[in-house]
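1. return a 3D structure for these sequence lines:
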Amino acid sequence: MTQLKLDLIQSKIVDRQAVSRHIHRWRLLGKKIVFTNGCFDLVHRGHIVLLSRAADLGDVLVVGINSDDSVKRLKGASRPLIAQQDRAMLIAGLFFVEIVTIFEEDTPLELIRLIEPDVLVKGEDYAIEDIVGADLVKSYGGEVKTIALESGYSTTSLLERIRGKL
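-> Coordinates of the predicted model:
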């Protein structure tokens, strides 16, 4: 991969101040903004399908990634398996992802408040009423959607298969 391509991928990983600038510009352009989030500890086919389908729901896809400390608090001391900057780079490398930002909190609620997405997306393993930020997004007329998961693809099942082969 050329340095130019790597620089392009890296430029898609932004802090909250840059998120705010992007959102402002996209709003001025009338873009429909989609947001989703996750740990993305071991990126697999299920993640790619979910993110691709989320991107289809609007003009720009913004992805929030839990920081390493946040993943540890949520998943335990042995996680994450992959460092936050590496996870962010993997997601930013997807052509249909506009920007990626890392959040320190256990939930993306503050990020959702900042972005005010037109569409908030999670996998169908979440009930809409349990999705963090769903009430907020609905309060200003946004949509909250769940996306069908790829059967047989989850980080937990992938880890179990890996452990079984060791």
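2. can you pull out the strands in this structure?
-> In order along the chain, the chain carries the following strands (DSSP state E): 33-38, 60-66, 99-103, 119-123, 143-147.
3. sheet partners, orientation included, of the second one?
-> Here the strand partners of strand 60-66, with direction, are listed using DSSP bridges: strand 33-38 (parallel), strand 99-103 (parallel).
4. now tabulate the ones you listed in JSON lines and tack on mean pLDDT, distance to Ile128 and mean neighbour count.
-> Heads up, the C-betas are built off the backbone N, CA and C, glycines and all. What follows is the strands paired with strand 60-66, written out as JSON lines (pLDDT from 0 to 100; distance: least, CB to CB, whole Å; neighbours: other CB atoms under 10 Å):
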{"stretch": "strand 33-38", "mean pLDDT": "98", "distance to Ile128": "14", "mean neighbour count": "24"}
{"stretch": "strand 99-103", "mean pLDDT": "98", "distance to Ile128": "21", "mean neighbour count": "22"}
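5. coming back round to it: any chance of the strands of the chain in CSV, plus distance to Val19?
-> Rendered in CSV, the data for the strands of the chain read as follows (distance: least, CB to CB, whole Å):
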stretch, distance to Val19
strand 33-38, 10
strand 60-66, 7
strand 99-103, 5
strand 119-123, 15
strand 143-147, 20
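6. which among those strands is found nearest to Gln10?
-> Between Gln10 and the strands of the chain, the tightest spacing by CB to CB is seen for strand 99-103, at 10.2 Å.
7. and the strands paired with strand 60-66: which comes nearest Ser20?
-> Ranking those by distance to Ser20, with CB to CB as the measure, places strand 99-103 first at 10.2 Å.
8. ok, Leu114 to Arg73 distance?
-> Leu114 sits 21 Å away from Arg73, taking CB to CB, to the nearest Å as the criterion.
9. more neighbours: which of those two?
-> Taking neighbours as other CB atoms under 10 Å, Leu114 and Arg73 compare with Leu114 leading, 19 against 14.
10. what about the more buried one, distance to Ile23?
-> Look at Leu114 and Ile23: by CB to CB, they are 7 Å apart.
11. for Pro117, what are its contacts?
-> For Pro117, the contacting residues are 33-35, 62, 137, 142, taking CB atoms under 8 Å, 6 or more residues apart in numbering as the criterion.
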